[in-house]
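K.L.:
below are the sequence and a predicted model; questions follow.
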Amino acid sequence: MRFEGIIAAMITPFTKDDMIDEEGLRRNIEFLEKNEIDAIVPCGTTGESATLSHDEHKKVIKIATETAHVPVLAGTGSNSTKEAIDLSLYAEDVGADGVLVVTPYYNKPNETGVIKHFEAIADKINIPIIMYNIPSRTGLNMPPNLVARLADIDGIDGIKEASNNISQISQIIELTQDKEFYLLSGNDDQILPILSLGGKGVISVAANIIPRKLKEMYDSFIKGDIDRAREIHYNLSPLFRALFIETNPIPIKAACNMMGLAAGNLRPPLANLSKEHEDILKTILKKYLKE
């Protein structure tokens, strides 16, 4: 199983009493599938995994695997190796096609610790691991040489790169291009440049609301219509920026609510989008709803 193309980093919808909106989650998956999504990621950063209990985390993964007809890449990372193994084993057991494992946050392990963390998870499961590098969240960056070493571990198939460092991304692809390993963009505004470097797609926040348009950009690039892909990139760039006007997933949940998708409120300590930013997002979003 290779995770390529446009992959949605799904929000987790909540009910008014702050429970998992199970039916809303199913409807959101159906919306994504109708709009040509290639795969989905439940329980990532955008899914507010940091404030889901382990029981809730498992429930969301199970609903996703039961509902989806596209591949499911379940977010199972933790700063505890033992907890990451437990979540990854559960995801495999309920039918996930792979797991997305973030680098251990807060602990800030050295390179030996990072390698042992991923080795321990890979040793316990039989589905692909996609590593997730997002230093702005974790306080830990995985440099290219470390990624290249991790790429040699059986079961580690790729990396979601959200460092925002194009030079680093280019070097990772350079060092791993002869391995069975691939890189996915972790930022919507870098889909096109990363594809041009040899990346294989994106795990996307914007895909929650505009999966078909992102798919058109990806398909245009793959078919060699670079001008059309570039045109779509620049057309969507104001929306990409607006969806990060505050901390993710605050703006994307607001956008989903505006579009009538299941979203609900955010889990504390996240708070709803400010009125000023809500007005900006609403104005930009109206443009794309008309198209």
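P.N.:
Okay, I see it.
K.L.:
when you work out contacts or count neighbours from here on, use the C-alpha atoms and nothing else.
P.N.:
Will do.
K.L.:
so which elements touch the helix or strand hosting residue 132?
P.N.:
Residue 132 belongs to strand 129-133 when assigned by DSSP states H and E. In terms of contacts (3 or more CA pairs under 8 Å, 6 or more residues apart in numbering; DSSP states H and E), strand 129-133 is packed against strand 98-102, strand 156-161.
K.L.:
redo these as a markdown table? Include distance to residue 243.
P.N.:
A markdown table is the format used below for those (distance: least, CA to CA, whole Å):
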| stretch | distance to residue 243 |
| --- | --- |
| strand 98-102 | 21 |
| strand 156-161 | 18 |
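K.L.:
any idea which of those is most buried?
P.N.:
Comparing the helices and strands packed on strand 129-133 by mean neighbour count (mean count of other CA atoms under 10 Å), strand 98-102 comes out on top with a mean of 26.
K.L.:
that one to strand 156-161, inter-axis angle?
P.N.:
50 degrees (axes from the mean of the first three to the mean of the last three CA atoms, to 10 degrees).
K.L.:
next one: strand 98-102 to chain centre, how far?
P.N.:
10 Å (CA atoms, centre = their mean, to the nearest Å).
K.L.:
before we move on, back to that, using PDB, list the CA coordinates for the strand holding residue 132.
P.N.:
Output of strand 129-133 as PDB, limited to C-alpha atoms (Å, rounded to 0.1, in the frame of the first residue of the first chain):
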ATOM      1  CA  ILE A 129       4.300   3.400   8.800                       C
ATOM      2  CA  ILE A 130       4.400   7.000   7.500                       C
ATOM      3  CA  MET A 131       6.500   9.200   9.700                       C
ATOM      4  CA  TYR A 132       5.400  12.700  10.500                       C
ATOM      5  CA  ASN A 133       7.900  15.500  10.900                       C
END
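K.L.:
what pairs with that strand, and is each one parallel or antiparallel?
P.N.:
Paired neighbours of strand 129-133 in the sheet (DSSP bridges): strand 98-102 (parallel), strand 156-161 (parallel).
K.L.:
helix or strand next in line after the first one, which one?
P.N.:
So that's strand 98-102. Next along the chain from strand 98-102, counting by DSSP H and E, comes helix 111-124.
K.L.:
report the buried residues of that next one.
P.N.:
Of all the residues in helix 111-124, those buried under the rule 16 or more other CA atoms under 10 Å are 114-115, 117-119, 121-122.
K.L.:
let me have the strands paired with strand 129-133 in CSV, adding mean pLDDT and distance to residue 17 as columns.
P.N.:
Output for the strands paired with strand 129-133, formatted as CSV (pLDDT from 0 to 100; distance: least, CA to CA, whole Å):
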stretch, mean pLDDT, distance to residue 17
strand 98-102, 98, 29
strand 156-161, 98, 33
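K.L.:
between the helices and strands packed on strand 129-133, which one is nearest to residue 260?
P.N.:
Evaluated over these, closeness to residue 260 peaks at strand 98-102, with 28.0 Å, by CA to CA.
K.L.:
so what's the closest residue to residue 180 other than its chain neighbours up against?
P.N.:
What sits nearest to residue 180 in space, not counting adjacent residues and going by CA to CA, 6 or more residues apart in numbering, is residue 157, at 6.8 Å. For residue 157, the contact set (CA atoms under 8 Å, 6 or more residues apart in numbering) comprises 2, 128-130, 151, 180-182.
K.L.:
which one of those is nearest residue 41?
P.N.:
Once CA to CA is applied, the member of the contacts of residue 157 that ends up nearest residue 41 is residue 130, at 11.1 Å.
K.L.:
residue 183 belongs to a strand?
P.N.:
Yes: Residue 183: assigned to a strand according to DSSP: H, G, I helix; E, B strand; the rest coil.
K.L.:
just checking, it touches residue 173?
P.N.:
Yes: between residue 183 and residue 173 there is a contact at 7.0 Å, judged by CA atoms under 8 Å.
K.L.:
what touches both of these two?
P.N.:
Contacts common to residue 183 and residue 173, judged by CA under 8 Å, 6+ apart, are 198-199.
K.L.:
so, low pLDDT: which residues of the protein?
P.N.:
290-291 (pLDDT under 70).
K.L.:
those helices in it, which residues are they?
P.N.:
Using DSSP state H, the helices of the chain run over residues 22-34, 54-67, 81-93, 111-124, 135-138, 144-150, 166-176, 191-197, 211-222, 226-242, 250-259, 275-290.
K.L.:
now render the buried residues of helix 111-124 as a markdown table, adding distance to residue 23.
P.N.:
Converted to a markdown table, the buried residues of helix 111-124 look like this (distance: CA to CA, whole Å):
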| residue | distance to residue 23 |
| --- | --- |
| 114 | 37 |
| 115 | 39 |
| 117 | 35 |
| 118 | 34 |
| 119 | 36 |
| 121 | 31 |
| 122 | 33 |
